[in-house]
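Novice: prediction below, plus the sequence it came from.
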Amino acid sequence: QVQLVESGGGLVQPGGSLRLSCAASGSIFSIRAMGWYRQALGKQRELVAVIPSGGSTVYTDSVKGRFTISRDNAKNTADLQMNSLKPEDTAVYYCNADIRRHLTTYYDDYWGRGTQVTVSS
């Protein structure tokens, strides 16, 4: 069994910062990409940022220069540092990871349950 657990969401004023964390646990052999997605009320889930196990990070245009994704491969964690937050960043943020479990030869897509981020004065 594999679990992704997010933490760090909350209420913040415009211009403020939050740091989201995602921890993957369970019978993990390896993790390829880890990423953050978000879903605002009434909208489709969208990619925010993704970080491969090796290689360049990718950000959606609206967060470039404000958000930074990082990961710790030894701890199976991925963080999202969010600065200069705007009301339009309000959404439920989900962690996603492409994980190969022990005793398997394939990767599966896993999701956390999400953490609410609200940007409001």
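Specialist: Ah, there it is.

Novice: can you give me the helices in this structure?
Specialist: In order along the chain, the chain carries no helices (DSSP state H).

Novice: list the contacts of Arg100.
Specialist: Going by C-beta atoms under 8 Å, 6 or more residues apart in numbering, Arg100 touches 28-32, 106-108. No exception for glycine: its C-beta is placed from N, CA and C like everyone else's.

Novice: Lys86 too?
Specialist: By C-beta under 8 Å, 6+ apart, the residues touching Lys86 are 14, 119.

Novice: most neighbours of all the contacts of Arg100, which one?
Specialist: Using other C-beta atoms under 10 Å as the neighbour criterion, Ile31 leads the contacts of Arg100 with 21 neighbours.

Novice: show the pLDDT at the most centrally placed residue in the chain.
Specialist: For the chain, the residue nearest the mean C-alpha position is Trp36 (2.6 Å; C-alpha atoms, centre = their mean). Per-residue pLDDT puts Trp36 at 98.
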